[in-house]
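J.: Sequence plus the predicted model coming up.
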Amino acid sequence: MGYRIIKRAFDIVFSLVVIAVLLVPSLLLCLAIRLESPGCPIYSQKRVGRIGRNGEVETFEMYKFRSMHADADECLANLQEFNEADGPLFKIKDDPRVTRIGRFIRKHSIDELPQFVNCFL
């Protein structure tokens, strides 16, 4: 129990520091994403979390910088025949839905930085 409290305190403090340090660069990146492709620069998706106290699976909103055009989810059906992965995963080597900025932020995993908000919450 003590470990969980200390770990949660560390997660909150560390994520708060990262969010504060990266606030201005993140705002500039949001502006760049918005200029290249209209729409919200932050993409959110429901993900499965852990099993709650009541035994049910809890979900949470996962946040990322948007690396695709705003209508990427709607275009997915038209690209299904090019899928290179099995199962529920969808993967195309040169996905036409990815923006120029999106390629860069994916390559350097910058698109994942808003997940510190998930740690903070």
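T.: Alright, I've got the coordinates. Numbers count the residues shown, from 1 in each chain.
J.: burial measure for K46, as a count.
T.: Residues contacting K46 under the criterion other Cβ atoms under 10 Å number 9. Where you see a C-beta, it was placed from the backbone N, CA and C, and this is true even at glycine.
J.: element containing it?
T.: K46 is part of strand 42-51, with elements assigned from DSSP states H and E.
J.: next SSE after that strand?
T.: strand 57-65.
J.: Mind listing what's buried along stretch 106-119?
T.: Buried residues in stretch 106-119, counting neighbours by 16 or more other Cβ atoms under 10 Å, are found at 106, 110-111, 113-114, 116-117.
J.: Helix or strand next in line after the helix or strand bottoming out on mean pLDDT in the chain, which one?
T.: Within the chain, no helix or strand scores below helix 72-79, which has a mean of 78 by mean pLDDT, DSSP states H and E. With elements assigned by DSSP H and E, the helix or strand that comes after helix 72-79 is helix 100-107.
J.: Can you give the distance from that next one to the centre of its chain?
T.: Centroid separation between helix 100-107 and its chain, computed with Cα atoms, centre = their mean, to the nearest Å, is 13 Å.
J.: just stretch 75-93 next, same as before
T.: 19 Å.
J.: Next: stretch 110-121.
T.: Distance, centroid of stretch 110-121 to centroid of chain: 7 Å (Cα atoms, centre = their mean).
J.: Next: stretch 85-96.
T.: 17 Å.
J.: Pull the contacting residues for the residue most central in space within the chain.
T.: The structure's the chain has its C-alpha centroid closest to K64; by Cα atoms, centre = their mean the separation is 2.3 Å. K64 is in contact with 42-45, 111-112, 114-115, counting by Cβ atoms under 8 Å, 6 or more residues apart in numbering.
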